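Student: this is a predicted model, with the sequence first.
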Amino acid sequence: MEKPFIIAEMSGNHNQSLERALEIVEAAAAAGADAIKLQTYTADTMTLNLRGGDFLINDPKSLWYKENLYSLYEKAHTPWEWHKPIFDYAKSLGIIAFSTPFDKTAADFLESLQTPIYKIAAFENGDLPLLKHIASKKKPVIMSLGMISLEEIRESVNVLKENGCEDITLLKCTSSYPAPPEHANLLTICDLAQKFPECKIGLSDHTMGIGVTVGAVALGAEAIEKHFTLSRADGGVDSAFSLEPDELKTLVIEAKRAYKARGKINYELSESEKKSLVFRRSIYVCEDIKAGEAFTEQNIRCIRPGYGLHPRYYEATIGKAAAKALAKGTPLRKEDIK
């Protein structure tokens with residue numbers, strides 16, 4: 001599969017409509033995404049059905065300000081009976097479907113659907129018993145790294161490896177919604193690649209637009225996760241920071257272009273540059289010169305194209321005599337100099 005691996009995150013943008021969920025899958029496939037991702041939980045597996053206090057979102061800057069956690073998760077969850085038709089439809093369109101299980105029962109349910117990949121959300125990346133359970137399935141795991149220290153990353157990666165997971169992708173992640181680009185700290189991608197050479201590295205991006213995503217790919221990201229919806233105007237729990245179909249299509253094109261552009265460390269002439277060599281500057285005769293006449297700044301110049309001597313010889317040529325008569329417009333050669 002062509003890199004980077006691009007994941008369209010549906011989350012709760014189906015707005016509790018299976019028809020809309022299937023339309024999101026179709027739009028993601030049409031835009032060129034490699035995978036569509038769901039979230040597998042119920043309100044009861046996420047929190048307690050209590051109102052107020054710790055269970056109320058009190059941050060005025062939050063998209064979900066004054067929402068009760070239980071009711072928010074009820075509204076956002078993907079009904080489990082939808083998973084199979086979504087997985088089947090994705091397969092028919094040639095796009096991979098997988099999901100994030102938020103507890104052991106969800107992981108077991110996804111295993112019954114033969115999910116090819118497991119995703120671990122940033123808020124669960126420290127739930128070591130859950131990580132052990134998911135790793136025991138011996139499937140590839142993609143884990144978001146929001147709100148986690150380097151030591152905790154090491155601990156979680158070791159738990160996954162020690163319990164049977166041999167294919168791990170770590171996604172740099174800023175767990176705020178939307179995330180400000182100045183908090184993305186994309187250079188961490190390079191450091192993660194050095195510190196965890198056995199893992200693939202990518203980005204789970206909650207910033208607006210696609211600029212941060214493309215920048216991440218240029219720095220080495222091999223996998224990209226981005227929230228996706230049919231239209232932000234339709235609303236939905238995550239719609240405010242989700243891409244629309246035309247934006248996802250552009251992201252796919254530009255991210256794959258950026259990945260190709262990474263190349264290698266190279267100071268040699270590239271194959272595509274060879275034809276351009278003739279347009280570099282070189283030494284040309286700019287006034288008619290008689291045999292024996294001295295070369296001066298008035299009768300030779302460094303100009304384009306590049307058929308004459310390299311400009312490195314210009315200063316040494318000044319003051320020397322012409323070996324023969326030279327017409328204006330002649331590229332200067334070594335044999336033209338006495």
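Tutor: That came through fine.
Student: all helices of the stretch 51-200 of the chain, in order?
Tutor: Listed in chain order, the helices of the stretch 51-200 of the chain (DSSP state H, counting those that start in this stretch) span residues 69-76, 80-92, 104-112, 128-135, 150-162, 187-195.
Student: between these, which one is closest to residue 255.
Tutor: helix 187-195 (13.5 Å; Cβ to Cβ). C-beta here means a position set from N, CA and C on the backbone, and glycine is covered the same way.
Student: can you list the strands that the following helix or strand past the closest one pairs with?
Tutor: Following helix 187-195 in sequence order, the next helix or strand is strand 200-205 (DSSP states H and E). Strand pairing for strand 200-205, determined by DSSP bridges: strand 168-173 (parallel), strand 223-227 (parallel).
Student: after the last one, which helix or strand is next?
Tutor: Right, strand 223-227. Note on strand 223-227: by DSSP H and E, the next helix or strand toward the C-terminus is helix 245-262.
Student: restricting to C-alpha, output the next helix-or-strand element following that following helix in CSV.
Tutor: As assigned by DSSP H and E, the chain's next helix or strand after helix 245-262 is strand 282-285. C-alpha atoms of strand 282-285 as CSV (Å, rounded to 0.1, in the frame of the first residue of the first chain):
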residue,chain,number,x,y,z
SER,A,282,29.1,30.1,-17.8
ILE,A,283,31.7,32.3,-19.4
TYR,A,284,30.7,33.9,-22.7
VAL,A,285,32.4,36.3,-25.1
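Student: quick check, residue 123 in contact with residue 175.
Tutor: Yes. At 7.1 Å, residue 123 and residue 175 qualify as touching, with contact defined as Cβ atoms under 8 Å.
Student: please identify which of the two sits among more neighbours.
Tutor: residue 175 (17 against 14; other Cβ atoms under 10 Å).
Student: low pLDDT regions in this structure?
Tutor: 1 (pLDDT under 70).
Student: per-domain residue ranges of it.
Tutor: Following automatic domain parsing, one finds the domains of the chain at 5-41+77-262, 271-336.
Student: just those: most buried one?
Tutor: Compared across those, domain 5-41+77-262 shows the largest average neighbour count, a mean of 19 (mean count of other Cβ atoms under 10 Å).
Student: and that one, how far apart are its ends?
Tutor: 15 Å (Cα to Cα, to the nearest Å).
Student: overlap in contacts, residue 123 and residue 175.
Tutor: Shared contacts of residue 123 and residue 175 (Cβ atoms under 8 Å, 6 or more residues apart in numbering): 146-147.
Student: need the strands paired with strand 200-205 in CSV with distance to residue 20, can you?
Tutor: As requested, those are exported to CSV (distance: least, Cβ to Cβ, whole Å):
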stretch, distance to residue 20
strand 168-173, 26
strand 223-227, 15
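Student: in contact with the spatially most distant residue from the centre of the chain, which residues?
Tutor: Relative to the C-alpha centroid of the chain, counting by Cα atoms, centre = their mean, residue 292 is the outermost residue, at 63.5 Å. For residue 292, the contact set (Cβ under 8 Å, 6+ apart) comprises 321-322, 338.
Student: can you tell me which of the residues you listed is closest to residue 213?
Tutor: residue 322 (59.4 Å).
Student: show me what the closest one bridges to in the sheet.
Tutor: Assigned bridge partners for residue 322, using DSSP bridges, are residue 337.
Student: hang on, residue 280 packs against residue 307?
Tutor: No. When contacts are counted by Cβ under 8 Å, residue 280 is not listed as touching residue 307 (9.7 Å).
Student: so which of the helices of the stretch 51-200 of the chain gets nearest residue 49?
Tutor: Of all these, helix 69-76 comes closest under Cβ to Cβ, at 4.7 Å.
Student: same for that closest one, what does it pack against?
Tutor: helix 43-46 (3 or more Cβ pairs under 8 Å, 6 or more residues apart in numbering; DSSP states H and E).
Student: contacts only, for residue 28.
Tutor: Contacts of residue 28 by Cβ under 8 Å, 6+ apart are 8, 10, 36, 95, 228, 248.
Student: repeat that for residue 308.
Tutor: 282-284, 331-333 are the contacts of residue 308 under Cβ under 8 Å, 6+ apart.
Student: returning to what we had before: using a markdown table, lay out the helices of the stretch 51-200 of the chain together with distance to residue 271.
Tutor: Output for the helices of the stretch 51-200 of the chain, formatted as a markdown table (distance: least, Cβ to Cβ, whole Å):
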| stretch | distance to residue 271 |
| --- | --- |
| helix 69-76 | 51 |
| helix 80-92 | 39 |
| helix 104-112 | 46 |
| helix 128-135 | 44 |
| helix 150-162 | 40 |
| helix 187-195 | 27 |
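Student: neighbours of residue 337, just the number please.
Tutor: 17.
Student: quickly list what the closest residue to residue 142 other than its chain neighbours is bridged to.
Tutor: Spatial nearest neighbour of residue 142, excluding adjacent residues (Cβ to Cβ, 6 or more residues apart in numbering): residue 169 at 4.4 Å. Here residue 169 sits in beta bridges with residue 142, residue 200, going by DSSP bridges.
Student: many thanks, we can stop here.
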